[in-house]
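Chemist: this one's sequence-less:
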């Protein structure tokens, strides 16, 4: 039997991770000034509270709206940072077959862990930030290779993002670079030095993507995220292929840590990679106007390279703007980006109640996230440019949280094991088709008013004539509780055929919503919609939309005992498929 701890390789690493997490918390510099510099009114109303939670969690819950209104959002932020991280290696350990075998449940253990923690985890802000980071620092187990067959690799990568969500971006880059999941995905695991006799060249994948996608982008940026221009009004390119070739030498010689006497592949993929001097290039490594001296070993080469890349002024605006897009709005103003970048560069931010957070080191993500979610443009200054299309994953998790769904057991929900299909969500966590994520940050649908107004809408890249009805059908299945109709005997036969140790009878009770409170409003469509409007969209449904949905609900009969439930289910589905809801302001 393969035994995996939460961190993948036993007590020693578990202790190290716990110490690292504690260090992240200790590094948060919290001081209480004698006089607050502002009034913390983020949670002043149910609407403002719901709006904030939609940006910072996987969905607001009724309990949160009942308890947080009138309290301090600054305190909520600090409390969230202090919570123990919910880690995905727990799920892999739970579903590792006792006989060391292999089954679909084991393969999907990373997805099971994601859904459970996204919906029920207390550390909502950490989980939400980690998910945002996963769409910048992309690893995917969609390829049917080692990352599919060895779930510990991607689970550990998820945990890296979770553990570093409030840490420093430079340290996150270090952990990501040594991750076997990234090494496998971008093909530099076992990357060999060049050989002039055979013509072999070092693999350039990671060298290219760490610059283009993870840190700098392609062209020079101003602190507000706008492109710098030369005297001919042309964007200024940052590097050439010669820089990529020089940087590729840095990422040679990283291999799996096989130091354990009888270490299994699962454990090797949960450990950081180590350097093999026989594979590492000893040549000088020149890139971005910097040269690492010949003869420098692999670990030192990586440290020097990451330090130099991270020192570039592009890192702040490039990363920060994408985090704003993932959490708040697709088209942040230059001022919004510049203010958040200032906190990224200074490593500090003053919360609305006057509390200062951050370790005062460039790249501090605690300060950066605070600057993003508390900015005036995120909280009060909404314009026609504001907002973003809600990602399909976030719509589903919001439904589960908003209606306090019982028995969050995705192990019994095969539709949740892979939601990539256009007939489902057209998106699945950690399962994009390429390193460019499901959608690009600069995507603007051709021929639309969005593109005509020179705006972007990344999530629209996965929105089409197939995915729209697919989403509606997917949500209908869960909102109306059709998972209760599963054929238990057939499902148990499937489990038994794969040696999956689950009792199919439990599937009937999985992901059930009883809509207890909503049923008390079923006789009054206007009151029901007022409740759903607040809970699901922070009161952003227009009067026109509310009236249209009300008219539809009033046509539904209310004669039989089940009619109240049907009306509630239709109300939820109509709200969650309306344009007003889908665009999060």
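Modeler: Cool, the structure landed. These figures come from a predicted structure and were not determined experimentally.

Chemist: Next, name the residue at the spatial heart of this protein.
Modeler: The centre of the chain sits closest to residue 131, judged by CA atoms, centre = their mean, with a distance of 1.1 Å.

Chemist: Might you report the residue contacts of that residue?
Modeler: Remark: with contacts taken as CB atoms under 8 Å, 6 or more residues apart in numbering, residue 131 is in contact with 118, 326, 393, 429. C-beta coordinates here come from the backbone N, C-alpha and C atoms, glycine included.

Chemist: And those residues, which two are furthest apart?
Modeler: 118 and 326 (14.2 Å; CB to CB).

Chemist: Could I get the full set of helices for the stretch 351-500 of the chain?
Modeler: Secondary structure of the stretch 351-500 of the chain (DSSP state H, counting those that start in this stretch): helices at 365-374, 376-379, 392-402, 449-452, 467-479, 488-497.

Chemist: In the last one, which residues are buried?
Modeler: Going by neighbour count (16 or more other CB atoms under 10 Å), the buried part of helix 488-497 is 491, 492, 495.

Chemist: and which of the contacts of residue 131 is nearest residue 440?
Modeler: Nearest member of these to residue 440, counting by CB to CB, is residue 326, at 12.6 Å.

Chemist: helices or strands next to the helix or strand the closest one falls within in the packing?
Modeler: Here residue 326, judged by DSSP states H and E, is contained in helix 315-327. Under the contact criterion of 3 or more CB pairs under 8 Å, 6 or more residues apart in numbering; DSSP states H and E, helix 315-327 touches helix 124-134, helix 334-346, helix 365-374.

Chemist: who wins for proximity to residue 555 among these?
Modeler: Here helix 124-134 is closest among those (CB to CB), at 37.8 Å.

Chemist: Could you give the average pLDDT over the closest one?
Modeler: Averaged over helix 124-134, pLDDT sits at 98.

Chemist: Looking at the contacts of residue 131, which is nearest residue 511?
Modeler: With CB to CB as the yardstick, the closest approach to residue 511 among those comes from residue 118, at 13.1 Å.

Chemist: returning to what we had before: including distance to residue 299, could the helices and strands packed on helix 315-327 go into a markdown table?
Modeler: Output for the helices and strands packed on helix 315-327, formatted as a markdown table (distance: least, CB to CB, whole Å):
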| stretch | distance to residue 299 |
| --- | --- |
| helix 124-134 | 24 |
| helix 334-346 | 26 |
| helix 365-374 | 24 |
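
Chemist: Tell me which of those helices is the most buried.
Modeler: helix 365-374 (a mean of 27; mean count of other CB atoms under 10 Å).

Chemist: what's the distance between that helix and the middle of its chain?
Modeler: Helix 365-374 sits 16 Å away from the centroid of its parent chain (CA atoms, centre = their mean, to the nearest Å).

Chemist: roughly how far apart are residue 179 and residue 156?
Modeler: When distance is defined by CB to CB, to the nearest Å, residue 179 is 7 Å away from residue 156.

Chemist: quick one, phi/psi of residue 537?
Modeler: The phi/psi pair for residue 537 (degrees, to the nearest 10) reads phi -130, psi 10.

Chemist: Now for it: which residues touch it?
Modeler: With CB under 8 Å, 6+ apart, residue 537 has these contacts: 50, 575, 580, 581, 584.

Chemist: Counting neighbours, which of these comes out on top?
Modeler: Comparing the contacts of residue 537 by number of neighbours (other CB atoms under 10 Å), residue 50 comes first, having 25 neighbours.

Chemist: what's downstream of the helix or strand harbouring that residue, the next helix or strand?
Modeler: Element membership for residue 50 (DSSP H and E) is helix 46-56. Toward the C-terminus, helix 46-56 is succeeded by helix 62-68 as the next helix or strand (DSSP H and E).

Chemist: From the contact counts, what lies against that following helix?
Modeler: Against helix 62-68 (3+ CB pairs under 8 Å, 6+ apart) you get helix 46-56, helix 525-537.

Chemist: Could I get the buried residue list for that helix?
Modeler: Buried residues in helix 62-68 (16+ other CB under 10 Å): 64, 65, 68.

Chemist: Any buried residues in the helix or strand just after that helix, and which?
Modeler: Downstream of helix 62-68, the next assigned helix or strand under DSSP H and E is helix 73-82. Using 16+ other CB under 10 Å as the test for burial, helix 73-82 gives 73, 74, 76, 77, 78, 80, 81.
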